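J.: turn this into a model:
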Amino acid sequence: MSYGAAKAAQENYTMSASVELAAHGVTANIVYPPVTDTGWVDDEVRAGVAASTEHTHVAAPEEVAEVIAWVVSEEARLLNGSVLRLR
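T.: All right, here's what the predicted structure looks like:
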């Protein structure tokens, strides 16, 4: 329950920040990464992801980094107040 409350608070803070900072040319977005293999993913986790309707695959850290690099780039300047849920 506290995990869900923390995510909700994080989203609300991001939405407020996106409105307050927009006049200064600052964007605020949030990226929720998928299950990411940073060394802890085992066969049981992979099987759980494969059976999930929410996740599509176990991501490599580089895949998540590519999305974040785009979000903070000039190309994504119109993205503001967005929640990106990577699957």
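
J.: for the longest helix along the chain, packing partners?
T.: Counting residues, the longest helix in the chain under DSSP state H turns out to be helix 2-22. Counting contacts by 3 or more CB pairs under 8 Å, 6 or more residues apart in numbering; DSSP states H and E, helix 2-22 packs against strand 30-32. Heads up, the C-betas are built off the backbone N, CA and C, glycines and all.

J.: give the other helices and strands that the strand it packs on contacts.
T.: Applying 3+ CB pairs under 8 Å, 6+ apart, we find strand 30-32 packed against helix 2-22, helix 61-71, strand 83-85.

J.: sheet partners, orientation included, of that strand?
T.: Strand 30-32 pairs in its sheet with strand 83-85 (parallel), by DSSP bridges.

J.: who's in contact with the partner strand?
T.: Residues from elsewhere that reach strand 83-85 (CB atoms under 8 Å, 6 or more residues apart in numbering): 11, 14, 29-32, 67, 71.

J.: what do you get if the cut-off is 6 Å, keeping everything else the same?
T.: Strand 83-85 is touched from outside by 11, 30-32, with contacts defined as CB atoms under 6 Å, 6 or more residues apart in numbering.

J.: show the buried residues in the residues you listed.
T.: By neighbour count, with 16 or more other CB atoms under 10 Å, these hold residue 30 as buried.

J.: mind putting the contacts of strand 83-85 into TSV with distance to residue 82?
T.: TSV is the format used below for the contacts of strand 83-85 (distance: CB to CB, whole Å):
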residue	distance to residue 82
11	10
30	7
31	9
32	11
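
J.: what's the farthest-apart pair in the contacts of strand 83-85?
T.: Across the contacts of strand 83-85, no pair lies farther apart than 11 and 31, at 11.6 Å, counting by CB to CB.

J.: quick one on the thing from earlier: mind listing what's buried along the longest helix of the chain?
T.: In helix 2-22, counting by 16+ other CB under 10 Å, buried: 14-15, 17-18.

J.: dump the C-alpha coordinates for it into PDB.
T.: What follows is helix 2-22, C-alpha atoms only, in PDB (Å, rounded to 0.1, in the frame of the first residue of the first chain):
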ATOM      1  CA  SER A   2       2.800   2.500   0.800                       C
ATOM      2  CA  TYR A   3       4.300   1.700  -2.700                       C
ATOM      3  CA  GLY A   4       1.100   2.800  -4.400                       C
ATOM      4  CA  ALA A   5       0.800   5.900  -2.200                       C
ATOM      5  CA  ALA A   6       4.400   6.900  -3.000                       C
ATOM      6  CA  LYS A   7       3.800   6.500  -6.700                       C
ATOM      7  CA  ALA A   8       0.700   8.700  -6.500                       C
ATOM      8  CA  ALA A   9       2.600  11.300  -4.500                       C
ATOM      9  CA  GLN A  10       5.400  11.300  -7.100                       C
ATOM     10  CA  GLU A  11       2.900  11.700 -10.000                       C
ATOM     11  CA  ASN A  12       1.100  14.500  -8.200                       C
ATOM     12  CA  TYR A  13       4.300  16.300  -7.500                       C
ATOM     13  CA  THR A  14       5.400  16.000 -11.100                       C
ATOM     14  CA  MET A  15       2.200  17.300 -12.400                       C
ATOM     15  CA  SER A  16       2.400  20.400 -10.100                       C
ATOM     16  CA  ALA A  17       6.100  20.900 -11.000                       C
ATOM     17  CA  SER A  18       5.300  20.700 -14.700                       C
ATOM     18  CA  VAL A  19       2.800  23.600 -14.400                       C
ATOM     19  CA  GLU A  20       4.900  25.700 -12.100                       C
ATOM     20  CA  LEU A  21       8.100  25.400 -14.000                       C
ATOM     21  CA  ALA A  22       6.800  25.600 -17.600                       C
END
